[in-house]
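Engineer: For reference, the sequence and a predicted model appear below.
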Protein chains: 2
Amino acid sequence: MSLVVTGTIGIDDIVTPSGHAEKVLGGSCMYFSAAASFYGPVRLVAVVGDDFPDAFRQTLHRFPGIDAAGLETRKGGKTFRWGGKYHDNMDSRDTLFTELGVVAEAPPAVPAAYADSRFVFLANSHPAVQLGFLEQLPKRALAVADTMDLWINTAKDHLLVLLRKVDGLVLNYDEAEQLTSRRNTVAAGRHLLDMGPRFVVIKKGEHGCLLVHRDGVCALPAFPTENVVDPTGCGDTFAGGLMGAIAHHKPSASQPADPDPGSFASVRRALVHGTVIASFTIEAFSLDRLTQLARRDIDQRYDQYAAMVRV
Amino acid sequence: MSLVVTGTIGIDDIVTPSGHAEKVLGGSCMYFSAAASFYGPVRLVAVVGDDFPDAFRQTLHRFPGIDAAGLETRKGGKTFRWGGKYHDNMDSRDTLFTELGVVAEAPPAVPAAYADSRFVFLANSHPAVQLGFLEQLPKRALAVADTMDLWINTAKDHLLVLLRKVDGLVLNYDEAEQLTSRRNTVAAGRHLLDMGPRFVVIKKGEHGCLLVHRDGVCALPAFPTENVVDPTGCGDTFAGGLMGAIAHHKPSASQPADPDPGSFASVRRALVHGTVIASFTIEAFSLDRLTQLARRDIDQRYDQYAAMVRV
C-alpha cells in the first residue's frame, strides 16, 4: 500500500572514530526512503536547493522503489547542511554545524498525486511543519512521526498537538526520557501513550529498541556487530524498514494479512525489519552500504537475527 | 548434573528510588543459588559469622534445591555486610559501606562431598580466592566466573590467570570495557576470548545481555518492566538461572541433549532462563520475590518472553 515520507534531504559532514566523510548525501527522508524502498514503493516529500549535486540525484535513482516526484528543487535555495562528530562510544554525538538553507523556508507541498497515501511517516522536522504535512494526507490509515530533542525543548506545544494526531511515535531513548521525565523506558513509553499515539517505538542504538503499544510491550536487541563505521541515519533507516515492512507486508501462512496495520502484532513484526536494515546502515558512511545492498542480503541477515533470538 | 557455587552470603542495606531495606539477606552466592535451585540441586560454598541470623538460615531452607552443607559458620566471625544506594536510573549505584568480616579471612573449604561437582560457578570474589576454589574442584566439566571492577583495578594479574582456567566469564557492560579498553561490546567480548575463556556473557542490565562465544554471538533483551524495586542480585540470579539451566537441562524433542554443555547453543538457550529469573529478582528487595516464586511463574514468563522475541 502507498507509503509517503516527509523530511529532509541534505549534505552531511561526518566524523566518527572510524574516519570522516565530507559533503555526503544524507537527511532523514533520504535514509528512510532508501530503507523503505527495499520493501516496495515509497514516495518522498522534501526540498533541496539548486546546489544539490547531480551525483546525489543519481544515488537517489539507484533505489528503484523511491518515487522522487515529491522532491522540490528550489531555485536560488541552499540545500540543508549538517555536520556531526560522534564520540568514542558511537552512541552520542555533537552537532558541528547546521545550515538550514531551504529547510528554514516554506516547506514543500505534498504533490496531489500523493494525497491518497495510506501510510505516512513524518521524519524529524518542526512539529508545526509535520502537522502541515499531515493535513495534506487525509487518506492516511497509519501515521507515524519522529521527533528530536530540539523540538522537545523549543516547540513542545506543537509536538503535543502532533502526538494527538498520529498513530505512532518513534524517538530516541534520551528523548523519551526528556519528554516524559521518566527514566524507566517502559514507564516513559506508557506516559507517551497517554499523550495520544497508539504506540511508541523507543530507539536505543546498540541496545536495540522497545515497543510500547496499547496492546503490549516488546523489547528487541540490535543486531550485534563490531563493524560500526557511521551511525548517521540508523534511526531513519530503522523507521524506513519498519514502515516499509508494515505498508508492504506480504501475507503468508505463518503471517496472515492484518486488517489493522497498527496492531501490536503488525508493528512488532516490522521492528525486526527496521533492526536488520539499520544494522547495514552503520557499516559505512552515508548511504554507501545501502546502495550496495540487495534484498537477499536483508533476508539473509533477517534469518541470522531470527536464529539468534529464537527461544 | 552437580552444580556448585562459591561466593558471599551477607547482610545488605539497600536504598533505591523505590524505597529502602535494612539488614536483609544478600550476597552473590545467596542470589545465585536461590535462582539455580529452581532448575535442580545447587551446592553452595560460603562463610558467615556466628552473628548470621536464624531467620536467614530459614530463608535459605525455603529453597529446597539448595544444599547448604558447604555453608561454614565461623565462630566469633562477623558476617559480610554491604550497603548500596542506587541512582535514579537504577543502572548505577554507590557503595555506602563494606564490612568484609569473615570474607577477609581464610576462605571456606570446599567440602569433600562437593569435589565431584561438574558445573562450577565462581561468584564474585578476589580472583586468587576463585583460583583456590577451582583447584578443589578437579572434576569440573564447565567452570564460569564472575568478577567486578574492584578486582580489575587491584588484582588484574590474578584475574588474567583465572581467565585462562575458566570456560566462561560473566561480567557487566562497564567492566568489560574497563578490562579491554574497548567501547564496542562485541569487540570487548572478542578481546576477552583472547584472554582464555570459550565464552563471555556481558550483562547490560535493562538493556539485556550479549553472549560472545568462540562459535557465535547472541544479543538478547531484558524482560521489559516498569516494576523495578531493587536491582541488587539481578546479575547473580541471572548467572544462577544460566548455570542452573545448563547443568540441569532436560533434553526434549526440540532441545536434544548437548554433549558439550559449553557449546554456543547450550549457553544461548540458558541465557533466556537467566534473563527471566533476573526479571523477578528486580521486583522486590532482597530475595523477597524469589521466596514467593514458583516454577510455574518462571515457565509462564519464559513463554511470554519467547512470544515477545519470536521472529
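Structural biologist: Happy to help now that I have it. Please read these numbers as outputs of a predicted model, since none were measured by experiment.
Engineer: Look up which residues are beta-bridged to the nearest residue to residue A:172 once chain neighbours are set aside.
Structural biologist: In this structure, residue A:172 finds its nearest non-sequential neighbour in residue A:203, 5.2 Å apart by CB to CB, 6 or more residues apart in numbering or on different chains. In short, each C-beta sits where N, CA and C put it, glycine included. When bridges are called by DSSP bridges, residue A:203 pairs up with residue A:172, residue A:209.
Engineer: same check, this time on residue A:72
Structural biologist: Beta-bridge partners for residue A:72, by DSSP bridges, are residue A:47.
Engineer: isn't it right next to residue A:108, touching?
Structural biologist: Yes - at 4.2 Å, residue A:72 counts as touching residue A:108 under the criterion of CB atoms under 8 Å.
Engineer: is it true that residue A:43 lies in a strand?
Structural biologist: Yes - assessed by DSSP: H, G, I helix; E, B strand; the rest coil, residue A:43 belongs to a strand.
Engineer: could you list every residue that touches it?
Structural biologist: By CB atoms under 8 Å, 6 or more residues apart in numbering or on different chains, the residues touching residue A:43 are A:2-5, A:67, A:69-70, A:111, A:114, A:117.
Engineer: can you do 10 Å?
Structural biologist: Residues near residue A:43 by CB atoms under 10 Å, 6 or more residues apart in numbering or on different chains: A:2-6, A:33, A:36, A:65-70, A:110-111, A:113-114, A:117, A:119-120.
Engineer: Next one, pLDDT for it please.
Structural biologist: Residue A:43 carries a pLDDT value of 98.
Engineer: can you give me the helices for the stretch 51-200 of chain A?
Structural biologist: Under the criterion DSSP state H, counting those that start in this stretch, the stretch 51-200 of chain A contains helices at A:54-61, A:127-135, A:149-154, A:156-163, A:173-180, A:185-194.
Engineer: hmm, back to that, who has more neighbours, residue A:72 and residue A:108?
Structural biologist: Neighbours were counted for residue A:72 and for residue A:108 using other CB atoms under 10 Å in any protein chain shown; residue A:108 has more, 21 against 16.
Engineer: from what I can see the more buried one touches residue A:69, true?
Structural biologist: No - in this structure, residue A:108 is not within contact of residue A:69 by CB atoms under 10 Å, at 11.2 Å.
Engineer: anything in contact with each of these two?
Structural biologist: A:44-45.
Engineer: Close to chain B: what parts of the stretch 201-311 of chain A are there?
Structural biologist: For the stretch 201-311 of chain A, the residues in contact with chain B (CB under 10 Å from any CB of the partner chain) are A:204-212, A:216-228, A:268-269, A:271-272, A:275-276, A:302-311.
Engineer: residue closest to the middle of chain A?
Structural biologist: When CA atoms, centre = their mean is applied to chain A, the residue found nearest the centroid is residue A:236 (2.7 Å).
Engineer: Tell me who's in contact with that one.
Structural biologist: With contact set as CB under 10 Å, 6+ apart, residue A:236 has these partners: A:5, A:7-8, A:26-36, A:121, A:123-124, A:146, A:170, A:278, A:281.
Engineer: Residue A:206 - how many residues pack around it?
Structural biologist: Neighbours around residue A:206, by other CB under 10 Å: 24.
Engineer: now do residue A:66
Structural biologist: Residue A:66, neighbours per other CB under 10 Å, totals 22.
Engineer: Then residue A:262?
Structural biologist: 21.
Engineer: Might one say that residue A:194 is in contact with residue A:182?
Structural biologist: No - using CB under 10 Å, residue A:194 makes no contact with residue A:182, being 11.1 Å away.
Engineer: Between the two, which has more neighbouring residues?
Structural biologist: Ranked by neighbour count (other CB under 10 Å), residue A:194 and residue A:182 place residue A:182 first, with 17 against 9.
Engineer: Identify the residue spatially nearest to that one, adjacent ones excluded.
Structural biologist: With CB to CB, 6+ apart as the criterion, residue A:182 has its nearest non-adjacent residue at 4.2 Å, and that residue is residue A:188.
Engineer: show me what contacts that neighbour?
Structural biologist: Counted by CB under 10 Å, 6+ apart, residue A:188 has contacts A:171, A:173, A:175-182, A:200, A:202, A:210, A:212, B:226.
Engineer: what's the pLDDT at it?
Structural biologist: Per-residue confidence (pLDDT) for residue A:188: 97.
Engineer: Equivalent analysis for residue A:259, please.
Structural biologist: Per-residue pLDDT puts residue A:259 at 86.
Engineer: quick check, it in a helix?
Structural biologist: No - judged by three-state DSSP, residue A:259 forms no part of a helix; its state is coil.
Engineer: for it, what are its contacts?
Structural biologist: Contacts of residue A:259 by CB under 10 Å, 6+ apart are residue A:266.
Engineer: State the distance from it to chain B.
Structural biologist: To chain B, residue A:259 is 21 Å away according to CB to the nearest CB, to the nearest Å.
Engineer: Leaving out the residues flanking it, which one is nearest to residue A:133?
Structural biologist: residue A:6 (4.4 Å).
Engineer: check contacts around that neighbour.
Structural biologist: A:28-29, A:32, A:43-46, A:70, A:107-108, A:110, A:114, A:120-125, A:129-130, A:132-134, A:136-137, A:145.
Engineer: at 6 Å instead, please
Structural biologist: Residues counted as contacts of residue A:6 (CB atoms under 6 Å, 6 or more residues apart in numbering or on different chains) are A:45, A:122, A:133.
Engineer: repeat for residue A:285
Structural biologist: A:21, A:230.
Engineer: Pull out the buried residues from the contacts of residue A:43.
Structural biologist: The neighbour-count test (16 or more other CB atoms under 10 Å in any protein chain shown) applied to these identifies A:2-6, A:33, A:36, A:65-68, A:70, A:110-111, A:114, A:117, A:119-120 as buried.
Engineer: which neighbours do residue A:72 and residue A:108 share?
Structural biologist: Taking CB under 6 Å, 6+ apart as the contact rule, residue A:72 and residue A:108 both touch residue A:47.
Engineer: for the helix or strand containing residue A:273, packing partners?
Structural biologist: Element membership for residue A:273, per DSSP states H and E: helix A:264-281. The contact analysis (3 or more CB pairs under 6 Å, 6 or more residues apart in numbering or on different chains; DSSP states H and E) places helix A:264-281 against strand A:209-213, strand A:216-220, helix A:234-247, helix A:295-309.
Engineer: Tell me which residues are up against the second one.
Structural biologist: Where contact means CB under 6 Å, 6+ apart, the residues beyond strand A:216-220 that reach it are A:208-211, A:264, A:268, A:271, A:275, B:221, B:224, B:308.
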